[in-house]
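**Student:** Generate a structure from the sequence data that follows.
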Amino acid sequence: MSRRTEMLLKNMEFVGYNDLNKKPGFQMGMHRTEDGRYFIYSACFRDNGFNIIEVTDPKNPVSKWVEGDWVSEIHDGQSLAKIQVAGGKLIACYGGTMRVLHGTHEQPYWGGFKIYDITEDPWNPKFLGQFECEDGPGVHRSYYDGGRYAYIMGSKRNYMGYILRIIDLEDPTHPVEVGSWWADGQYLGNKKASDIPEFGTEPFMKLPNGHAITERNDIVYAAFPNVGFCMIDVKDKTRPRLLGNVPLNPPFSNGQSGAAVHTAMPLGDRPFAIVTTEGERPWYFDPNREDGMFHKITSQPMNIIGMIETGDKENPSLISVFPYPEVPEEYKKCHGENFNIIDGQRVVFGPHNMYDAAPQDCLEQRDDRVYNCHFQAGLRVYDVSDPFVPKEIAYFMPPDPEGTWFDIEDGTLFPGPHIGIAEDVLVDDRGYIYVDTYQDGLYIVRCTV
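**Tutor:** Take a look at the predicted model:
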């Protein structure tokens, strides 16, 4: 039986901590007020609402939980897993909870996003307007830089999964879609429900789907599982068109392993981009069950962080793969020699959320470093000065949690090893790094190299 690991750091120093009111944090955004105060807005993929954390003094962060303003009839099925903050606006993205997505509950929820003003009072966002993404999972990892348009990875009637939806926010009280793009096979047309594989099955996981997007200079970098890394021309917002793409799965990732392509993001203004496939939290896999999203893991294709050369936009190429995360000796003593087998149980392992926020004055902006929350390997920091030879230079691994924040009403728990897992990361212009975790709050660290 394994024992609990404490915080593990390399070329990092611990700064501060906040328990996020015991609401599991997810995607984060930052706002800096005119008088120099720093605020983080952290989504929550378990509950309906978000945390506001003032980190002006990162050693003593102060937080407030804001409950979502939905009717009680759909509250239990609702979550706010993704968030964007830029230009004095907060875009809160809504969909179903993990309980809905993983088949443990059948509860209604609303899918779409709400827009708030945070300039007047950052502690109390002011509602401006909303946009519904109907007939589907809602909104996933989207992109907003404070300008006129929001690039939303959202569901849409008569389309399967998430597609790119370009929303005009010139009047934030009345958002309007001006264009959209989807991969071949996502438009349902005259397909019957019986033509679509059952959710959570292997055939379903092999369907084309959108996952995450970023945008730079009228090009959207899009991660589309079972399609690949995509570059989409959005100069004409009403008629997006595919420029080029790099298929990734197979051979990398596949089937029940998170998102077969998770992140696509430009590397500053350099002619390179980062792409990732997604592993999964080991708690999702139980060797004794094969129903729904819980199933026995025997073998999984490799998951990667990769470097894409984008100089020829119609023919992007994968030019390097990042190294396997260093396994600390203390971790080996507690859980095993690698991150793929924990306490003797095979689990899916791979990268997860990147620091991919839209450029803001309050955020770090450099093109020689990449930050990734690598699930049970914690936060990993890479030097990408040479894009052909990425190097890991630092890590922060949160401690194994003492309790669980994911018990379900019927008393059951998500199965699997109980270990520390990093979820999302944000880096401010002062060099402070914010890492929220699966069920252990927000850690603030600083790189020493």
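
**Student:** Could you check stretch 361-378 and say which residues are buried?
**Tutor:** 362-364, 369-378 (16 or more other C-beta atoms under 10 Å). For the C-beta atoms, the positions are set from N, CA and C on the backbone; glycine is no exception.

**Student:** Nearest to residue 279 among those residues?
**Tutor:** Checking these against residue 279 with C-beta to C-beta, the nearest one is residue 375 at 5.6 Å.

**Student:** tell me the phi and psi of that closest one?
**Tutor:** With angles defined as degrees, to the nearest 10, residue 375 sits at phi 50, psi -120.

**Student:** pLDDT score for it?
**Tutor:** pLDDT for residue 375: 95.

**Student:** With residue 79 instead?
**Tutor:** 79.

**Student:** What's opposite it in the beta bridge?
**Tutor:** residue 95 (DSSP bridges).

**Student:** Report how many residues lie close to the closest residue to residue 210 other than its chain neighbours.
**Tutor:** Once flanking residues are discounted, residue 210 sits nearest to residue 162: 3.8 Å by C-beta to C-beta, 6 or more residues apart in numbering. Applying other C-beta atoms under 10 Å, we find 29 residues neighbouring residue 162.

**Student:** Which of the buried residues of stretch 361-378 fall in helices?
**Tutor:** Assigned to helices by DSSP state H, none of those qualify.

**Student:** Which members of those define the maximum pairwise distance?
**Tutor:** Greatest spatial distance in the buried residues of stretch 361-378: 362 and 376, 30.0 Å, computed using C-beta to C-beta.

**Student:** pull the CA atoms of the longest helix along the chain into PDB?
**Tutor:** Longest helix in the chain by number of residues (criterion: DSSP H): helix 329-334. Provided in PDB are the C-alpha atoms of helix 329-334 (Å, rounded to 0.1, in the frame of the first residue of the first chain):
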ATOM      1  CA  GLU A 329      12.900   9.600  -6.000                       C
ATOM      2  CA  GLU A 330      10.300  10.400  -3.200                       C
ATOM      3  CA  TYR A 331       7.500   9.700  -5.600                       C
ATOM      4  CA  LYS A 332       9.100   6.400  -6.600                       C
ATOM      5  CA  LYS A 333       9.200   5.400  -2.900                       C
ATOM      6  CA  CYS A 334       5.400   6.000  -2.500                       C
END
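
**Student:** Give the pairing partners of the helix or strand following that helix; include direction for each.
**Tutor:** As assigned by DSSP states H and E, the chain's next helix or strand after helix 329-334 is strand 341-342. Applying DSSP bridges, strand 341-342 is found paired with strand 345-346 (antiparallel).

**Student:** Show me the shaky parts of the stretch 1-150 of the chain.
**Tutor:** Residue ranges of the stretch 1-150 of the chain with pLDDT under 70: 1-4, 69-77, 96-107.

**Student:** residue boundaries of the strands in it?
**Tutor:** Counting by DSSP state E, counting those that start in this stretch, one finds strands in the stretch 1-150 of the chain at the ranges 8-10, 12-18, 25-32, 38-44, 49-54, 62-67, 78-86, 89-96, 112-117, 126-132, 143-144, 149-154.

**Student:** Backbone dihedrals for residue 260, please?
**Tutor:** According to degrees, to the nearest 10, residue 260 has phi -60, psi -20.

**Student:** what number of residues lie near it?
**Tutor:** Neighbours around residue 260, by other C-beta under 10 Å: 28.

**Student:** so it touches residue 275, yeah?
**Tutor:** No. Look at residue 260 against residue 275 with C-beta atoms under 8 Å: they stay out of range, at 11.3 Å.

**Student:** Common neighbours of those two, please.
**Tutor:** Common contacts of residue 260 and residue 275 (C-beta atoms under 8 Å, 6 or more residues apart in numbering): residue 248.

**Student:** thinking again about what came up before, okay, the strands of the stretch 1-150 of the chain in CSV with mean neighbour count and distance to residue 420 next?
**Tutor:** CSV is the format used below for those (neighbours: other C-beta atoms under 10 Å; distance: least, C-beta to C-beta, whole Å):
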stretch, mean neighbour count, distance to residue 420
strand 8-10, 18, 9
strand 12-18, 17, 13
strand 25-32, 24, 14
strand 38-44, 25, 18
strand 49-54, 23, 19
strand 62-67, 14, 20
strand 78-86, 26, 20
strand 89-96, 25, 26
strand 112-117, 21, 31
strand 126-132, 16, 36
strand 143-144, 26, 29
strand 149-154, 27, 28
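
**Student:** Kindly present those as JSON lines, with separate columns for distance to residue 401.
**Tutor:** Converted to JSON lines, the strands of the stretch 1-150 of the chain look like this (distance: least, C-beta to C-beta, whole Å):
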{"stretch": "strand 8-10", "distance to residue 401": "14"}
{"stretch": "strand 12-18", "distance to residue 401": "13"}
{"stretch": "strand 25-32", "distance to residue 401": "13"}
{"stretch": "strand 38-44", "distance to residue 401": "16"}
{"stretch": "strand 49-54", "distance to residue 401": "17"}
{"stretch": "strand 62-67", "distance to residue 401": "18"}
{"stretch": "strand 78-86", "distance to residue 401": "19"}
{"stretch": "strand 89-96", "distance to residue 401": "24"}
{"stretch": "strand 112-117", "distance to residue 401": "30"}
{"stretch": "strand 126-132", "distance to residue 401": "34"}
{"stretch": "strand 143-144", "distance to residue 401": "31"}
{"stretch": "strand 149-154", "distance to residue 401": "29"}
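
**Student:** Looking at the ones you listed, spot the one closest to residue 390.
**Tutor:** The nearest among the strands of the stretch 1-150 of the chain, by C-beta to C-beta, is strand 8-10 at 16.3 Å.

**Student:** From the contact counts, what lies against the closest one?
**Tutor:** strand 391-397 (3 or more C-beta pairs under 8 Å, 6 or more residues apart in numbering; DSSP states H and E).

**Student:** what are the pairing partners of the strand it packs on, and which direction each?
**Tutor:** Partners of strand 391-397, by DSSP bridges, with direction: strand 8-10 (antiparallel), strand 379-383 (antiparallel).

**Student:** mean confidence for the last one?
**Tutor:** For strand 379-383, the mean pLDDT works out to 98.

**Student:** Measure how it sits relative to strand 12-18, angle-wise.
**Tutor:** Using axes from the mean of the first three to the mean of the last three C-alpha atoms, to 10 degrees, the direction of strand 379-383 lies 140 degrees away from that of strand 12-18.

**Student:** which parts of strand 379-383 are buried?
**Tutor:** Within strand 379-383, judged by 16+ other C-beta under 10 Å, the buried ones are 379-382.
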